[in-house]
Every structure is written in C-alpha cells, then in structure tokens.
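Chemist: Provide a 3D model corresponding to the input given below.
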Amino acid sequence: MHSRNVLVVSALTATLLAALWLKPKQPRAEAEGAVTESVAIEAVMLPAQASQPKTRDGRQYPVAPADPVELATLLAEVERALRDPATPTEALPDLGHQQQVIYRVLSTDQPRSQQVVKALPPRWRNVAKRHLAARREFVRMSRGRGPTMLPAWRIIQPEPADKLLSHYRKAEAATGIEWEVLAAVNLVETGMGRIDGVSVANAQGPMQFLPTTWAEAGIGAGNIRDPHDAIQAAARYLVRRGGLQDIRRGLWGYNNSDYYGRAVLLYASLMREDPAAYTGLYHWEIHFNAADGDLWLPVGYNQPQRISVQEHLQANPASRSPNR
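Modeler: Below is the predicted model:
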C-alpha cells in the first residue's frame with residue numbers, strides 16, 4: 001500500500017528470520033502458558049534525572065544508563081517485569097516505554113549494544129538481538145539526516161491491549177494471517193493506533209490504508225479509521241497479496257521495502273515465540289527520528305499543521321532525549 005525502493009537483504013536479519021519464523025507455531029494453550037507464569041521480582045526502579053523537564057501529565061523521557069552492565073541489568077529487570085502478572089497494570093506504560101527507549105538508543109550504537117547483550121542473562125540475549133535487528137531495519141530505511149519538521153499528527157490513547165488482541169485473533173481466524181504479524185504491522189504503522197494522521201502518501205487509519213486500496217472489492221469494510229475494521233481489512237489485503245503462501249511477499253505488497261518486511265517479521269517472531277512480549281510492544285510510544293535527535297511525541301501531541309522541530313521543542317522540552 002506504500003511505495004518505497006527495493007532494498008538489499010541484511011544477512012544477519014535474514015538468518016534470524018529463517019531460524020525463527022519457520023519454526024512450527026505453538027498451540028495457543030501452550031503458548032499462552034508463558035503469559036501466566038509468574039516470576040517473583042521486586043518493583044523495578046526506573047532511572048530518572050531530576051533536571052529533566054516533564055510532560056503536562058508529569059512524565060519524563062526514559063533514561064538509558066551509560067554503563068553497559070548497568071544498562072543490561074536494567075533491561076533484564078524491565079523484560080521480566082513486563083511479563084510478570086504480578087506487575088501492577090499502572091506500571092506497564094513506563095516499563096514498556098523504558099524498554100523501547102533502551103532498544104532505540106542501542107540500535108545506533110553497535111559497540112555499546114554488543115557489550116549490553118553480552119552482559120545480559122542468557123534468557124534475554126536473543127530477545128535483545130531481535131529487537132535491535134528490527135530497529136536497525138528502520139534506521140536503514142531512514143538513511144541520512146532526519147527532518148526538521150514534525151508531522152501534522154494527533155497522538156491518542158490506543159484501544160485497550162486485550163481489545164486489540166481480540167481484533168488480531170478474529171482476523172487470524174477469518175483469514176489465516178497470524179495475529180502476531182497483524183500486531184506487528186499495527187505497531188510499526190501507527191504505534192498500535194496512537195498516530196491519528198494522514199501520511200504523505202495519503203495513507204489513513206491505524207493500519208495506514210490508502211483510500212484507493214480500502215475501496216477495492218473485498219478489502220475495506222466499515223470505517224478506515226476504526227481499529228477493528230482496519231485490522232480485518234489488513235488481513236484480507238495480506239491474503240490478496242500472497243501472504244498465505246509467503247508472508248514476506250504479502251508484506252512486500254503492504255509496503256514495498258525489504259527492510260519493512262524484515263522488521264515486521266522480527267517483531268512478530270518475538271510475540272510468536274513468547275506471547276507475553278506483546279505487553280511491552282503495546283506500551284511503546286511514538287518517537288520521531290528528527291534532525292535534533294529522537295523526539296518523543298506523547299499522547300496529547302496535536303498538530304493540525306506541520307511544525308518545526310525547534311518550535312515544538314521550545315514549547316515541549318520534555319520531548320528531547322536526555323540520552324546522548
């Protein structure tokens with residue numbers, strides 16, 4: 001549905017996908033058993049800087065410790081807490097955001113990321129490698145200096161995690177396209193519905209459909225901006241583009257980029273192997289790779305017209321990353 005140039009396959013990512021995506025899928029009962037397994041842990045103390053500015057609702061941009069061992073310890077604690085049913089629901093948004101920022105920071109610092117991965121407990125090393133591989137696919141897609149203007153978006157609270165999950169599974173039951181792929185597409189397109197805006201190509205809604213594609217017979221039904229309707233339509237579109245025979249081919253039809261397809265399948269593989277990984281991904285927020293660095297656009301960002309990065313930061317200093 002989008003058009004981008006064909007890109008060269010990454011050997012590392014291709015190897016990861018070959019090893020992971022071709023494994024037989026676990027039966028649902030067995031897979032969901034991982035979600036209910038509880039690990040006794042203390043509350044995770046997330047790092048912060050007193051001097052950091054806060055958003056209107058009192059939140060701060062997550063801090064990634066500079067020391068690799070300290071960062072590995074924090075990451076392992078966050079990964080465990082996100083999967084622990086004993087973690088309070090109200091703690092999940094900050095934990096998910098902390099996880100996201102750590103992987104964004106490490107994805108552009110190869111030496112540091114190697115040190116962190118080496119220092120992680122074995123349980124989390126492959127998880128971290130896949131997160132980093134996925135993020136680096138998007139870094140490759142946006143080669144060069146980031147833009148100096150921010151998009152005309154509205155950032156909203158997405159539908160509850162369990163409701164979105166029911167939409168994905170309904171679409172899988174109807175079409176055969178695995179729910180993890182649909183969740184990953186929703187994640188990379190709009191942060192699972194957080195971005196309410198129109199792309200430069202006129203793609204719209206939580207699954208970013210072109211109106212012309214939505215209007216094709218057998219694809220769009222209902223409201224292009226409704227999460228349920230858009231997810232069902234995305235599954236039908238992936239089927240039409242050959243996704244049941246080769247999901248890579250289906251994703252190429254969705255977005256003409258090998259980088260995009262590999263990133264989607266890496267995120268999907270995390271949820272496929274461990275459904276509890278969905279919790280962290282659901283709580284990821286909207287970040288924009290701008291000329292001034294990685295900017296956080298929290299819920300409440302509302303720009304009917306494009307705005308310069310500098311003008312935005314003057315009014316919203318909490319958007320600037322403290323991680324240098």
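
Chemist: Which stretches in the stretch 101-250 of the chain count as strands?
Modeler: 149-150, 154-155, 195-196 (DSSP state E, counting those that start in this stretch).

Chemist: how about these in a markdown table, adding mean pLDDT and distance to residue 188?
Modeler: No exception for glycine: its C-beta is placed from N, CA and C like everyone else's. Formatted as a markdown table, the strands of the stretch 101-250 of the chain follow (pLDDT from 0 to 100; distance: least, CB to CB, whole Å):
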| stretch | mean pLDDT | distance to residue 188 |
| --- | --- | --- |
| strand 149-150 | 96 | 19 |
| strand 154-155 | 98 | 16 |
| strand 195-196 | 96 | 11 |
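
Chemist: Go through those strands and name the closest to residue 281.
Modeler: strand 195-196 (15.1 Å; CB to CB).

Chemist: Can you list the strands that that closest one pairs with?
Modeler: Paired strands of strand 195-196, with direction, are strand 154-155 (antiparallel) (DSSP bridges).

Chemist: export the strands of the stretch 101-250 of the chain to a markdown table and tack on mean neighbour count and distance to residue 298?
Modeler: Formatted as a markdown table, the strands of the stretch 101-250 of the chain follow (neighbours: other CB atoms under 10 Å; distance: least, CB to CB, whole Å):
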| stretch | mean neighbour count | distance to residue 298 |
| --- | --- | --- |
| strand 149-150 | 18 | 13 |
| strand 154-155 | 18 | 6 |
| strand 195-196 | 18 | 12 |
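
Chemist: got JSON lines for those strands, with distance to residue 185 too?
Modeler: Output for those, formatted as JSON lines (distance: least, CB to CB, whole Å):
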{"stretch": "strand 149-150", "distance to residue 185": "23"}
{"stretch": "strand 154-155", "distance to residue 185": "19"}
{"stretch": "strand 195-196", "distance to residue 185": "13"}
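
Chemist: out of the ones you listed, which comes closest to residue 132?
Modeler: strand 195-196 (23.2 Å).

Chemist: List the residue ranges of this structure that fall below the pLDDT cut-off.
Modeler: 1-42, 144 (pLDDT under 70).

Chemist: returning to what we had before: the strands of the stretch 101-250 of the chain: which one's closest to residue 59?
Modeler: strand 154-155 (13.0 Å).

Chemist: Quick check, residue 137 in contact with residue 267.
Modeler: No - between residue 137 and residue 267 there is no contact under CB atoms under 8 Å: 9.9 Å.

Chemist: what about the strands of the stretch 101-250 of the chain, which gets the closest to residue 171?
Modeler: Of these, the one closest to residue 171 (CB to CB) turns out to be strand 195-196, at 20.1 Å.

Chemist: Of all the residues in the helix ranked longest in the chain, which ones are buried?
Modeler: When the chain is parsed with DSSP state H, its longest helix is helix 122-141. Buried residues in helix 122-141, counted by 16 or more other CB atoms under 10 Å: 124-138, 140-141.

Chemist: what about the strands of the stretch 101-250 of the chain, which gets the closest to residue 96?
Modeler: Residue 96 lies closest to strand 154-155 among the strands of the stretch 101-250 of the chain, at 15.3 Å (CB to CB).

Chemist: which outside residues touch the closest one?
Modeler: Here strand 154-155 makes contact (CB atoms under 8 Å, 6 or more residues apart in numbering) with 194, 195, 196, 197, 286, 297, 298, 299, 300, 301, 302, 303.
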